[in-house]
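**Student:** What shape does this take:
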Amino acid sequence: MSTIRLTMAQALLRFLDNQYVSVDGKEIKFVKGVMGIFGHGNVTGIGEALENSAGDLAYIQGKNEQGMVHAAAAFAKQSNRHQIYACTSSIGPGALNMITAAATATVNRIPVLLLPSDNFASRQPDPVLQQLEVASDYTVSANEPFKPVSKYWDRIVRPEQLMTAAVQAIRVLTDPAETGAVTLALPQDVQAEAYDYPAAFFDRKVHYIDRKPPSMDAIQRAVQLMNIKKKPLIIAGGGVLYSSATRELTAFAETFHIPVAETQAGKSALPWNHPLNTGAVGVTGTLAANRLAREADLIIGVGTRYSDFTTSSKSAFGNPDVQFININVSGFDSFKLNGAAITADAREGLLSLHAALEADQYRSGYDLSDIQTLKQEWDREVDRLYAAENEAGFAQTRALGVIQESLDPSSIIVCAAGSLPGDLHRLWRPAEPKTYHMEYGFSCMGYEIAGAFGAALAEPDREVYAVVGDGSYLMLHSELVTSLQEGRKITVLLFDNHGFQCIHNLQRGHGSDGFGNEFRFRSPETGKLTGNYMPIDFSAHARSLGAKSYKANNALELKDALNKAKRETVTTLIEIPVLPGTGTVGYESWWNVGVPEVSVSDKVTKASEEMNERIRNVKLL
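**Tutor:** Numbers count the residues shown, from 1 in each chain. Here you go, the predicted structure:
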């Protein structure tokens with residue numbers, strides 16, 4: 001048997017460099033490269049391998065471990081999960097910094113390969129710098145917290161263990177039903193240990209992402225259910241986009257006269273102006289979609305995991321006879337809400353159900369003019385919000401209207417947290433698939449700029465915009481520097497509303513006067529954060545990092561800044577001061593949050609009573 005003597009780290013990179021996926025007959029190199037920040041634990045292991053034995057793997061220098069994993073996840077998301085970056089870190093704090101982003105990837109079913117360094121397997125330099133010591137179990141390290149946020153976890157304590165672990169890692173990463181964060185913990189001494197690996201381990205390997213077909217029994221059960229239902233509603237989730245099933249979704253909706261609502265991950269599956277696209281559903285939903293959801297006697301969920309925002313904490317579906325058909329590649333998701341499960345690839349599930357319903361000549365009971373009336377009413381509301389002026393300052397919805405008008409239809413917007421996801425879900429009008437990139441499974445503050453950089457890596461020929469609040473920007477903006485370093489331009493649209501105003505609004509909507517969520521100076525009179533707003537110059541900060549920047553205080557200035565930003569060749573930030581509380585709210589939706597049943601504040605206890613009354617009226621599913 002032919003062998004090749006390599007260190008474990010060198011062998012890992014050579015293996016990753018030879019992994020490919022085949023999707024619908026097209027082969028794609030699966031691992032594009034490695035993002036990393038070096039420290040003790042990986043600099044002389046994987047670091048040496050990347051320097052001297054990287055093959056065709058690209059190396060990107062991260063600036064924050066969480067940020068680089070967000071960028072890798074966004075790259076995979078924008079690539080329909082067909083290509084990834086691995087991420088390497090030092091031990092201890094470097095590794096732990098990746099935990100939040102690992103959870104973000106797993107919650108969203110996005111593949112990322114994490115390679116945190118670990119303590120010495122030999123235990124001789126003990127305790128090593130940054131080592132976590134657990135006196136009751138010395139096998140525990142700082143990498144154990146990756147276990148609950150990983151779909152596969154392993155620790156390589158001997159170099160030959162890599163051969164089993166690497167194969168299992170790729171298996172999970174390329175499985176649409178199981179994918180998420182995969183963690184291989186790499187002890188720093190083992191990374192540098194040599195082994196005679198079989199040459200066959202490094203052969204070019206193609207992993208076939210076969211489209212999982214539905215069982216015909218499941219299709220027939222779904223057809224039987226649909227035949228007794230008159231008002232179905234499709235909820236399109238992210239699985240529609242990952243499966244490239246937008247044409248099949250459109251044909252299904254048009255053939256059977258079924259309106260479509262969209263989750264955050266599924267938005268852009270249909271053009272906004274398609275006659276059957278009623279827009280966002282749930283807590284951040286449109287009036288049109290939420291009214292249809294309330295009346296629907298059947299929900300057809302395609303590629304959705306039914307988060308509480310999609311279901312309005314299970315209050316969105318008011319028809320006492322409502323039932324569910326769920327098309328999802330993951331059985332975990334297809335069986336939710338006691339639904340009739342079609343565990344299959346979204347495209348294959350839609351095609352099979354389409355054919356069976358055609359044979360039965362099924363049509364919904366909708367008067368299509370009623371759907372059009374709802375849609376036109378909502379379109380007028382969006383137009384109103386986009387044009388809304390406020391004498392006290394620049395309204396957030398007005399700023400979004402200017403941005404919508406100014407961006408090319410092929411441009412990608414990236415967002416994740418704060419009040420902006422609600423506004424964008426309701427108001428944004430994508431005309432092309434994959435132009436709306438929202439991380440709302442974990443709603444992780446700090447994803448936006450790193451995510452925009454990852455999306456720009458995946459789609460270098462498109463303009464990419466990070467839509468971010470000042471709170472998220474302050475939490476994590478470091479990959480802005482990486483975008484400059486890599487020459488991948490992104491445009492950061494920074495909405496400055498002086499704090500965490502989304503949560504400030506949530507407080508005030510449930511009995512609070514507002515506490516701890518605005519960026520104010522501490523008042524010497526009250527001793528609380530009730531002084532003036534802090535004057536933070538975000539555009540100057542961006543310039544100090546090497547980016548171009550502009551500031552836009554009104555619609556005319558924003559139009560001008562957007563036009564100038566398009567002509568820039570490097571990452572650009574536009575600071576947009578907006579008036580707090582000028583986003584969107586409501587539209588016949590509800591969100592279940594815990595409100596104290598006992599408080600010295602009468603407003604809080606009243607809000608609690610109202611919340612509990614709503615909870616009592618929710619149908620348990």
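**Student:** going forward, measure contacts between C-alpha atoms and count neighbours the same way
**Tutor:** Noted.
**Student:** got a pLDDT number for the residue nearest the centre of the chain?
**Tutor:** Centroid-nearest residue in the chain: Glu439, 2.4 Å away (criterion: Cα atoms, centre = their mean). For Glu439, the pLDDT comes out at 98.
**Student:** Which residue, other than its chain neighbours, is closest to it?
**Tutor:** Nearest non-adjacent residue to Glu439, counting by Cα to Cα, 6 or more residues apart in numbering: Ala416, 4.7 Å away.
**Student:** That neighbour: neighbouring residues, count only.
**Tutor:** As a burial measure, Ala416 scores 28 neighbours (other Cα atoms under 10 Å).
**Student:** Could you tell me the end-to-end distance of stretch 522-529?
**Tutor:** Start-to-end span of stretch 522-529 (Cα to Cα, to the nearest Å) is 4 Å.
**Student:** Would you agree Asp196 falls within a strand?
**Tutor:** Yes - secondary structure assignment places Asp196 in a strand (DSSP: H, G, I helix; E, B strand; the rest coil).
**Student:** which residues pair with it across the strands?
**Tutor:** Per DSSP bridges, the residues bridged to Asp196 are Arg5.
**Student:** In this structure it contacts Arg5, no?
**Tutor:** Yes - the pair Asp196 and Arg5 qualifies as a contact (Cα atoms under 8 Å) at a distance of 4.3 Å.
**Student:** what bits of this structure have low per-residue confidence?
**Tutor:** 620-621 (pLDDT under 70).
**Student:** and if we set it to 50?
**Tutor:** Counting by pLDDT under 50, the chain shows no low-confidence range.
**Student:** domains of it?
**Tutor:** 3-208, 216-374, 388-498+534-577 (automatic domain parsing).
**Student:** right, so of those, which gets closest to Gly514?
**Tutor:** Between Gly514 and the domains of the chain, the shortest separation by Cα to Cα is 13.4 Å, and it involves domain 388-498+534-577.
**Student:** Can you give the distance of the closest one from its chain's centre?
**Tutor:** Distance of domain 388-498+534-577 from its chain centroid, counting by Cα atoms, centre = their mean, to the nearest Å, is 16 Å.
**Student:** What of stretch 10-27?
**Tutor:** Relative to the chain's own centre, stretch 10-27 is displaced by 24 Å; criterion: Cα atoms, centre = their mean.
**Student:** what's the answer for stretch 133-141, then?
**Tutor:** 34 Å.
**Student:** and for it, what are the contacting residues?
**Tutor:** Contacts to stretch 133-141, defined as Cα atoms under 8 Å, 6 or more residues apart in numbering, come from residues 118-119, 127, 131-132.
**Student:** from these, which two are the most distant?
**Tutor:** Using Cα to Cα, the two most remote members of the contacts of stretch 133-141 are Asp118 and Pro127, lying 11.8 Å apart.
**Student:** Comparing these two, which residue is more hemmed in?
**Tutor:** More neighbours surround Asp118 than the other of Asp118 and Pro127, with 31 against 12 (other Cα under 10 Å).
**Student:** Over to the more buried one: give its phi and psi.
**Tutor:** The phi and psi values for Asp118, taken as degrees, to the nearest 10, are phi -140, psi 170.
**Student:** For beta bridges, what are the partners of it?
**Tutor:** Counting by DSSP bridges, Asp118 is bridged to Pro187.
**Student:** need the next SSE after the helix of greatest length in the chain, C-terminal direction.
**Tutor:** Counting residues, the longest helix found in the chain (DSSP state H) is helix 368-387. The helix or strand immediately downstream of helix 368-387 is helix 396-406, counting by DSSP states H and E.
**Student:** So what are the sheet partners of whichever helix or strand comes after that following helix and their directions?
**Tutor:** Sequence-wise, the next helix or strand downstream of helix 396-406 (DSSP H and E) is strand 412-415. Next to strand 412-415 in the sheet, as set by DSSP bridges, lie strand 436-438 (parallel), strand 464-469 (parallel).
**Student:** Mind putting those into TSV with mean neighbour count and distance to Leu484?
**Tutor:** TSV is the format used below for these (neighbours: other Cα atoms under 10 Å; distance: least, Cα to Cα, whole Å):
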stretch	mean neighbour count	distance to Leu484
strand 436-438	27	21
strand 464-469	27	14
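**Student:** can you put these in CSV and add distance to Val112?
**Tutor:** What follows is these, written out as CSV (distance: least, Cα to Cα, whole Å):
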stretch, distance to Val112
strand 436-438, 17
strand 464-469, 21
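**Student:** nearest to Pro111, of the ones you listed?
**Tutor:** Closest among the strands paired with strand 412-415, once you apply Cα to Cα, is strand 436-438, at 15.8 Å.
**Student:** Quick one: the helices in the stretch 151-300 of the chain, in order.
**Tutor:** For the stretch 151-300 of the chain, applying DSSP state H, counting those that start in this stretch gives helices covering 162-173, 188-191, 216-226, 238-242, 246-256, 287-295.
**Student:** could those helices be laid out in CSV, adding distance to Lys566?
**Tutor:** Below are the helices of the stretch 151-300 of the chain laid out as CSV (distance: least, Cα to Cα, whole Å):
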stretch, distance to Lys566
helix 162-173, 36
helix 188-191, 45
helix 216-226, 48
helix 238-242, 27
helix 246-256, 29
helix 287-295, 34
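**Student:** Please name whichever of the ones you listed is nearest to Phe335.
**Tutor:** Among the helices of the stretch 151-300 of the chain, helix 216-226 comes nearest to Phe335, with 11.8 Å by Cα to Cα.
**Student:** For the closest one, list every residue counted as buried.
**Tutor:** Neighbour-count burial for helix 216-226 flags 218-219, 222-223, 226 (criterion: 16 or more other Cα atoms under 10 Å).
**Student:** With stretch 554-571 instead?
**Tutor:** Across stretch 554-571, burial judged by 16+ other Cα under 10 Å covers 554-555, 558-559, 561-562, 565-566, 568, 570-571.
**Student:** Touching that stretch from outside, list them.
**Tutor:** Residues from elsewhere that reach stretch 554-571, judged by Cα under 8 Å, 6+ apart: 394, 398-399, 402-403, 406, 480, 483-484, 487-492, 547-548, 550-552, 572, 574, 576.
**Student:** please redo it, this time with the cut-off set to 7 Å
**Tutor:** Applying Cα atoms under 7 Å, 6 or more residues apart in numbering, the contact partners of stretch 554-571 are 394, 399, 402, 406, 483-484, 487, 489-491, 547-548, 550, 552, 572, 574.
**Student:** ditto for stretch 218-229
**Tutor:** Outside stretch 218-229, the residues touching it (Cα under 7 Å, 6+ apart) are 297-298, 325, 340-342, 353, 357, 362.
**Student:** again, 6 Å this time
**Tutor:** Outside stretch 218-229, the residues that touch it by Cα atoms under 6 Å, 6 or more residues apart in numbering are 342, 353.
**Student:** One more: stretch 504-522?
**Tutor:** Contacts of stretch 504-522 (Cα under 6 Å, 6+ apart): 498-500, 528-534, 603-604, 607.
**Student:** So which of those sit within helices?
**Tutor:** Under the assignment DSSP H, the contacts of stretch 504-522 contribute 603-604, 607 to helices.
**Student:** Neighbour count added to those, as a markdown table?
**Tutor:** Supplementary listing: those in a markdown table, determined by neighbours: other Cα atoms under 10 Å:
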| residue | neighbour count |
| --- | --- |
| Lys603 | 15 |
| Val604 | 22 |
| Ala607 | 18 |
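**Student:** Reformat the residues you listed as JSON lines; add distance to Thr263.
**Tutor:** As requested, these are arranged in JSON lines below (distance: Cα to Cα, whole Å):
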{"residue": "Lys603", "distance to Thr263": "33"}
{"residue": "Val604", "distance to Thr263": "31"}
{"residue": "Ala607", "distance to Thr263": "28"}
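**Student:** All set, thanks.
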